[in-house]
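> I would like to see how this sequence folds:
(2 chains)
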Amino acid sequence: MTGSISVHHRGVDSDLEVVRRAQAGSADAFRELVRRHQAQVHAFLGRFIARLDVVEDLAQETFLKAYRHLRAYRGESSPRVWLLGIAKNEALMQLRSERSRRSREAASFDAALSGWLAERGEAGSVEDQERELRALEDCLRGLAPESAGMIDAFYYRGESAADLARRAGKREGAVRMTLLRIREALRQCVQSKVAAGRVPS
Amino acid sequence: MSQDRIRELWTRALSGERLPAADEQELLAALRGDESLRRELLDDAELHGALRARGLGRRNEEGFLRAVATGTAASDRESRFLRRLEGRIAGERRSRMTWFVPALAAAGLLVAALLAWPSRRETPEPVATPKVRPKESAPKVAPPPPPEVHRPEPPRPEPEPPPPPPEPPRPEPPKPAPPQQTPPPKPPAPPPPPTVTALAKLEGIVGEATVLGAPARNGRELFAGQDVVTTGQAQALVVFGDGTRLDLAGDTAVRNLKADGEGKRATLVRGVLVADVAKQPHPMVLATPHGEVAVLGTRLRLGVEKTSTLLEVAEGRVAFRRLADGRSLDLAGGQYALLAPGVEFVVRPMAQAAPKDDTKPYPGVDQRRVDAAIARGVEWLVKQPLDTQRGYSAHAMVLYTLLHAKANPQHPAFQSLLKAVLEAPIERTYCAAFQAMFLSEFDAAKYQSRIAQCGQFLLDNQNEDGGWGYGDPTTYPTPIVSPAKDVATPGGRAKREPTRPKNVLTLKRQRYGGPSDNSNSQYATLGLRACLEAGVAFPRESLELAKKYWESHQKEDGGWAYSGGGGTSYGSMSVGGLGALIICKHHLGEGWRADPKVLKAVDWVTKNFTVAMNPGKESWYFYYLYALERAGVFTNLRSFGDHDWYKEGANHLLGLQNPDGSWHQSGQGKESSGPIPDTCWAILFLRRRTPPLQDVPSVDRFNVRPAGK
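Numbering: from 1, shown residues only, chains lettered A, B, ... in the order given. I've put the predicted structure just below:
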């Protein structure tokens, strides 16, 4: 199961080469760039945008903006940081447009959560957030098979907690708590890797 | 509150469950009161969001790559277009400059001539021979005015009896030359007046029709080169000798009538005409600023607006040529085509409706299987406990589905749901919309005040951009009550149905709503329609805004994405947008069948049609199918291109039903709202009972008068 959720990471140089080919007009190279980074761009946006449809729209817009401004990329940061920077701008624009709504809805859980996540997203630097995502990928690879199987089923195959509970003969609440514990373990793993500077490039 | 309790509530809320209000406030208070707990759980929310979104990206990698590729291709096209445009602008500037230099020289000469003119006038030359020969005397029948020249249309008294062919203003005859020493040569004798016969007569005038700017009366003869203009709501008939008739609607201008050995010809500059063309030896040509129609004998309708020409053929065959590139289409009876920027120039069917009776067999679909599938779906739906129907406030959606499935309203599940719907506060847009849709069809008279509350919710949650988001609760002031009037229909005024409410409840906006998206907006538009049909009146401004929203959020390719800002078009948003735009135009009294934006959307659906998935998304499949059903019903199209949407969709759906009777996408790596909404959408598609809309305004505008009258 672990294999199905692992990230096939490629070196920065290789990414740079792909960008250079895309800048020279290769459509295949740009497609490759999208293929390599779209999951990370989605994950990055998902950290502070709750609605998946909006995440997907913003992810598309991120790559379209990148395409239109390919020539502006000069290699001062890695292509992934550059893409996440564009994604962050898109997300911030979205969050600003939602701000008035949030202030009116402050009494609801969804609105309060969105507001808090937006504040955190705005406050952090793209480089730190990118580093955390890389650490997360590493931590995902290190998950125990049973935990990896649950993450795979729930997050990647889109099965609901009720589906998982039915299959495992457990209560739905128990499945949700197990997922919470797996996330707690992942979070501690990410924090320790970032703190120790052991984040793979 | 214990840590276990907080975590239980937290995981439920994070998974999308709508917590009861007390639980929600309990959780919020805990988060607000404990900073370290909040930090910890927000870390968890970030991780949960990242995993969820990352999963979406990985599941839908191919779809995402396709969407981005479509976007980059559009970007390339746009760049090429801009480069061409810049090139043309630069070229035009250059050509203007080359024109400007001689023009300046000519202007200089003209100024010099004008300066010299008074002195010459003061000392006239003795004119032995006129420098300028007087024009030949005007013929009895004036030459036709140049076509396409706008003429002022001042009211001018028409002489009695019906006047002879008019004469254009004549130039003043030259004054007699001063005494001359040598007599000038005799001017050549004027040519004999040509024999002019009338091409046609003007008949059936209602209101004001003018010929060459002067009001005309029935029986007025029309000659070559003349034009006929109707004003306001007027009507007029141009009847040729062979019985060919051009029936002009209001505010219509036909220029340059001709009939000679090469055939008849007329130019429709603006407005609408119905041509009933007798069999011709040579094609009759009806020209417009955008194209030409050649007919040998047929009945057709032609409409011209600023940038578009619409041709509808009632019978016979017609060639329709686009002037821009000479491309020509052959249209037969029952077909139409639109020439407009951005709209594909193709032959379209005028009426191709699917059979209206949803319980009778549909060709290519096993009706018994459909009925059985719906029955099993209903059986599954009514067994679901009320508290599982959350998230999208599915109670009203289930009721609407049961109503369309012709379930027994006395069934305990139906009654429980009805009670729950009527007692619960209206909290979300989807909920308000489905409730209005259900109650309007179930018993609009009985539940009109509740429908008005749904309407007030929708009105107060409409964003200033015209769209809707999830919505916030509002307050419900008493609406203005007035007696309902009979309903205008294309065939006249119909009596109010006995089940319709006796009064109209008029709403007033109290505020605008939050950020909008195209999903909430399409359901809100359905709800708005349901309110209007239940005698709940909205300010016109609300409908205008909604129409503007759908028009402005349409992508260049004719489809819609989820939000107005970014993203590319995909199936569920595009078919939903198409249906919503038609609803807005219909209720604003605007024709939509030949509306360029509607046709662009139909073209998008045709090009991207599939019932195997939500095109361009791979999620929200059943949601897409129900939106497709609405688009099919509203457009009155049986097929999008070669695709019979109901036949293909129904046969596909029948194979997707679960053994327990439900429909659901779970386990296939796709997003959906859960088995209850999925089952509702599947049944709503299979039943295809969305109430259709008539293109009333189009009929009003184009049906000039019944044939033969």
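
> Now chain A against chain B: closest residue?
A:G46 (2.4 Å; CB to the nearest CB). C-beta: built from backbone N, CA, C; applies to glycine.

> helix, strand or coil for B:R511?
Look at B:R511: counting by DSSP: H, G, I helix; E, B strand; the rest coil, its state is coil.

> which residues does it contact?
Taking CB atoms under 8 Å, 6 or more residues apart in numbering or on different chains as the criterion, B:R511 is in contact with B:D460, B:T474.

> Let me see the backbone angles for it.
When quoted as degrees, to the nearest 10, the phi and psi of B:R511 stand at phi -170, psi 170.

> where does it land on pLDDT?
Model confidence at B:R511, expressed as pLDDT, equals 92.

> Find the residue ranges of chain A scoring beneath the pLDDT cut-off.
A:1-13, A:97-107 (pLDDT under 70).

> In it, what residue spans correspond to helices?
In chain A, the segments counted as helices under DSSP state H are A:2-5, A:12-23, A:27-46, A:52-68, A:79-104, A:109-123, A:126-141, A:145-151, A:161-168, A:172-196.

> hang on, A:R120 packs against B:L41?
No. Distance between A:R120 and B:L41: 11.9 Å, which falls outside the contact criterion (CB atoms under 8 Å).

> Determine which stretch of the helices of chain A is the most buried.
Using mean count of other CB atoms under 10 Å in any protein chain shown, the stretch among the helices of chain A with the largest mean neighbour count is helix A:52-68, at a mean of 25.

> how far out from the middle of the chain is that helix?
13 Å (CA atoms, centre = their mean, to the nearest Å).

> Which secondary structure elements does the top strand by length along chain B sit against?
If each strand of chain B is counted by residues according to DSSP state E, the longest one is strand B:263-277. Secondary structure elements in contact with strand B:263-277, counted by 3 or more CB pairs under 8 Å, 6 or more residues apart in numbering or on different chains; DSSP states H and E, are strand B:245-248, strand B:252-260, strand B:284-287, strand B:298-304, helix B:696-702.

> Can you lay out these as CSV showing mean pLDDT, mean neighbour count and distance to chain A?
Written out in CSV, the entries for the helices and strands packed on strand B:263-277 read as follows (pLDDT from 0 to 100; neighbours: other CB atoms under 10 Å in any protein chain shown; distance: least, CB to the nearest CB, whole Å):
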stretch, mean pLDDT, mean neighbour count, distance to chain A
strand B:245-248, 92, 25, 48
strand B:252-260, 88, 21, 45
strand B:284-287, 93, 23, 42
strand B:298-304, 87, 23, 37
helix B:696-702, 35, 17, 34
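
> will you turn the ones you listed into a markdown table that also has distance to A:E159?
Output for the helices and strands packed on strand B:263-277, formatted as a markdown table (distance: least, CB to CB, whole Å):
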| stretch | distance to A:E159 |
| --- | --- |
| strand B:245-248 | 64 |
| strand B:252-260 | 62 |
| strand B:284-287 | 62 |
| strand B:298-304 | 54 |
| helix B:696-702 | 48 |
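
> Three-state assignment for the residue of chain B found nearest chain A, please.
Across chain B, no residue is closer to chain A than B:A53, which sits at 2.4 Å (CB to the nearest CB). Secondary structure of B:A53, reduced to three states by three-state DSSP: helix.

> Quick check, it in contact with A:G46.
Yes. Under the criterion of CB under 8 Å, B:A53 is in contact with A:G46, at a separation of 2.4 Å.

> Could you list the single helix or strand in chain B with the lowest mean pLDDT?
Taking mean pLDDT, DSSP states H and E as the measure, helix B:696-702 is the helix or strand of chain B with the lowest mean score, a mean of 35.

> related to what we said a few turns ago, of all the helices and strands packed on strand B:263-277, which one is nearest A:V34?
Set against A:V34 and scored by CB to CB, the helices and strands packed on strand B:263-277 come closest in helix B:696-702, at 43.5 Å.

> Touching, A:V190 and A:G142? I think so.
No. Judged on CB under 8 Å, A:V190 makes no contact with A:G142 at a distance of 11.0 Å.

> Give me the domain ranges for the chain.
Since no chain was named, I'll use chain A. Chain A resolves into domains spanning A:10-124, A:125-201 when parsed by automatic domain parsing.

> Wait, chain B was what I had in mind.
Per the record, chain B has its domains at B:200-349, B:353-389+B:554-700, B:425-540, by automatic domain parsing.

> Quick one: closest of those to A:R71.
The stretch from these with the least distance to A:R71 (CB to CB) is domain B:353-389+B:554-700; that distance is 20.9 Å.

> was I right about B:G243 contacting B:A278?
Yes. Counting by CB under 8 Å, B:A278 is a contact partner of B:G243 at 4.5 Å.

> which SS state does B:Q280 fall under?
Following three-state DSSP, we place B:Q280 in the coil state.

> and it, how many neighbours?
Other residues within reach of B:Q280 by the criterion other CB atoms under 10 Å in any protein chain shown amount to 18.

> For it, give me its contacts.
B:Q280 makes contacts with B:D242, B:T244, B:G263, B:K264, B:V295, B:L296, B:G297, as judged by CB under 8 Å, 6+ apart.

> Buried among these? Need that as a selection in ChimeraX.
Buried members of these, identified by 16 or more other CB atoms under 10 Å in any protein chain shown, are gathered into one ChimeraX selection as follows:
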select /B:244,263,264,295,296,297
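
> Single out whichever of the contacts of B:Q280 has the smallest pLDDT.
B:G297 (80).

> nearest spatial neighbour of it, skipping sequence neighbours?
For B:G297, the nearest residue in space outside its immediate sequence neighbours is B:K279; the separation is 3.9 Å by CB to CB, 6 or more residues apart in numbering or on different chains.

> right, and the one you found touches B:G316 too?
No. Using CB under 8 Å as the test, B:K279 is too far from B:G316 to be in contact (9.5 Å).
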